[in-house]
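A.B. asks: Return atomic coordinates for the entry below.
(one chain, ligands or ions: 1)
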Amino acid sequence: MQVESTTPQPPAGDGANIPVHVAFIMDGNGRWAQKQGLPRIAGHEFGVHCIQGILETLGPLGVKFVTLYAFSTENWNRPQDEVDGIMDVFSEAIASQTKLLHEKNVRIIHVGKTENLSRALLDGMAESQRLTSKNTGITLNVAIDYGGRAEILEAVRRIVKDGVDPESIDEDLFSRYLFTAQSPDPDLIIRTGGEQRISNFLLWQSAYSEMHHTPTLWPDLDAAELTEILENFGNRRRRYGALNPEDQSPDSSTPLQTPQE
Ligand code: FPP
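C.D. replies: All right, here's what the predicted structure looks like:
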C-alpha cells in the first residue's frame, strides 16, 4: 500500500478514536525470565508467543498497523551469546508464526537494515513477506536491526543517489524513503518494561505520536491492559500543534495564546 500523505492527521478510524497504527517497544523479556528463574533467552522465546494475542486484541478493535521493535541497531552490543540466541529466536519465530499469521490475513513487513543479518534470517523474512504480501488485515512491521538515526541517514543517502531535486524534498517525499514507507505514522507508541525513553525508535515518525509507558514486562502484557491503554488513548485530545475549537477565544476568531503542544 502506498501511503499518500504523512502530514499529521487525525486517525482515519470510524470516529471512535481508535489508533490506526500502534507501535511497541517490547522491553522486559530478560527481567521476566529472571523472575521465573529462567535464562534470559526464555523471555525472548515467550515474548514471541505474546504477539498472536496482541494482534487478536488489536485487530477487532480496528487497529490496522502494528510495529514491533524487536532488535535495535544498538542491541548488537549485547553479549554475543544473547545476540546469537535472539537471532535464533527470530528465525524460529518466522518459521513457526508465519503460517498462523498468514491464516489470520496479517501482512508481514521487515523494517530495518539488512546487511548485518544472516542470509537464513533474510531469506525467512523475505519468504514471509512474499507469502503475506496480498493480505488485507493488520500490517505487522517487524523492526529487526532497526534504528531511527540509521534509517534517516539511509533515506538521505538514497535521496542523494536518486538525484532528487532539493526543492522537491518535502515531508511526504522523505517519509517515502524511510523503512516504514508503507505505513502511516504511529498514533500510539507503547513501551513496556518501565523505562521512559524512545531508544532510537521511529524518530521521524513519532513527531505526533501519543506515548504510553507501562511497568508491565512485555511477556505479561495482556488483552485487559491493552484494551485499557486503547481506551485511555481514545480519551486523549490530539491537537497537532493547533487548538481544538472549544479552546478558541469565544469572542474572536483569534485563538488563545498557548505554547505549541
Ligand atoms: C527487550 O527485552 C527485548 C528484546 C531485545 C528482544 C525482543 C524480541 C522478541 C520479543 C521477539 C520478537 C520476535 C519477532 C519475530 C517479532 P530486554 O532483553 O531488554 O529485557 P530487559 O529489559 O528485562 O533486560
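A.B. asks: how about the residues of this protein near the ligand?
C.D. replies: Residues of the chain lying near the ligand by CB under 6 Å from any ligand atom: 26-31, 44, 47-48, 51, 68, 70-71, 75, 86, 89-90, 93, 142, 193. Any C-beta I mention is one placed from the backbone N, CA and C, and that applies to glycine too.
A.B. asks: The residue lying closest to Ser118 once chain neighbours are set aside - how many residues pack around it?
C.D. replies: Counting by CB to CB, 6 or more residues apart in numbering, the nearest residue to Ser118 once its immediate chain neighbours are dropped is Met87, at 6.6 Å. Met87 sits with 16 neighbouring residues when counted by other CB atoms under 10 Å.
A.B. asks: Going forward, the N-terminal residue is numbered 719.
C.D. replies: Okay, using 719 as the starting number, the last item reads as Met805.
A.B. asks: Check the gap between Met805 and Arg954 for me.
C.D. replies: Relative to Arg954, Met805 is positioned 37 Å away (CB to CB, to the nearest Å).
A.B. asks: rewinding a little: helix/strand/coil for the residue nearest to Ser836?
C.D. replies: At Met805, secondary structure determined by DSSP: H, G, I helix; E, B strand; the rest coil is helix.
A.B. asks: pLDDT at the residue of the stretch 819-968 of the chain found nearest the ligand, what is it?
C.D. replies: Scanning the stretch 819-968 of the chain for the residue nearest the ligand gives Val860, at 4.6 Å (criterion: CB to the nearest ligand atom). Val860 is assigned a pLDDT of 98 by the prediction.
A.B. asks: ditto for Ser809
C.D. replies: At Ser809 the predicted local confidence, pLDDT, stands at 97.
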